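pasting a predicted model and its sequence here:
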Amino acid sequence: MAAMALASGACTGLWRDDFQHIQRLRAFEQRTTNCMMNRMTQPEIVQARLTPEDAMRLDDDRKILGLATRSDAVREGLRLLHKTARHAALAQEYDDFYGAGAQAPMGTIAAYGDQVAAESMVAGG
């Protein structure tokens, strides 16, 4: 019976629908990829107002760090800001899990290392 359905072409409509669906999905994926690539390759301009003192410090720090432009210095500052934010988020997750002010749990390897160090001090002393 299934061979008859295949031979008669009853399933070709289904296959055509699947093929069209796959084509639509691929087109959507391509549009999404293009959009993401445009966001990554087209810089966004962000402005900040600085006091003259902050601008001078920015230029001094930029020169010390060997950065070519103020934009390079600001980007480096943003990298540090993001790193600090990730650390703060991790600390918040830790506090949420263990409770605020809780001491870090000691791993078994660290405890073993402390024990070996204590035994070495006793044996050597």
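All right, it came through fine.

quick one: pLDDT of G9?
On pLDDT, G9 comes in at 50.

do L58 as well
Reported pLDDT for L58: 95.

again, but for P43
For P43, the predicted pLDDT is 79.

can you check H82 too?
At H82, pLDDT is 93.

helix or strand: which one has it?
Per DSSP states H and E: H82 is located in helix 70-98.

sec struct for E44, please.
coil (DSSP: H, G, I helix; E, B strand; the rest coil).

numbering from 701 from now on, please.
Renumbered: residue one is now 701, and that last one reads E744.

backbone dihedrals for it, both of them.
phi -110, psi 130 (degrees, to the nearest 10).

so how far is A785 from it?
According to C-beta to C-beta, to the nearest Å, E744 and A785 sit 19 Å apart. All C-beta spots, glycine's among them, are computed from the backbone N, C-alpha and C.

who has more neighbours out of the two?
A785 (10 against 5; other C-beta atoms under 10 Å).

contact partners for that one?
Counting by C-beta atoms under 8 Å, 6 or more residues apart in numbering, A785 makes contact with nothing.

tell me the pLDDT at it?
For A785, the pLDDT comes out at 93.

again, but for H721
Reported pLDDT for H721: 67.

the domain parsing of this protein - what is it?
The record's domain split for the chain, according to automatic domain parsing, is 712-742, 747-802.

next one: the last one to chain centre, how far?
I take that to be domain 747-802. Domain 747-802 sits 16 Å away from the centroid of its parent chain (C-alpha atoms, centre = their mean, to the nearest Å).

so how far is the first residue of it from its last?
Domain 747-802 has its terminal residues 40 Å apart, counting by C-alpha to C-alpha, to the nearest Å.
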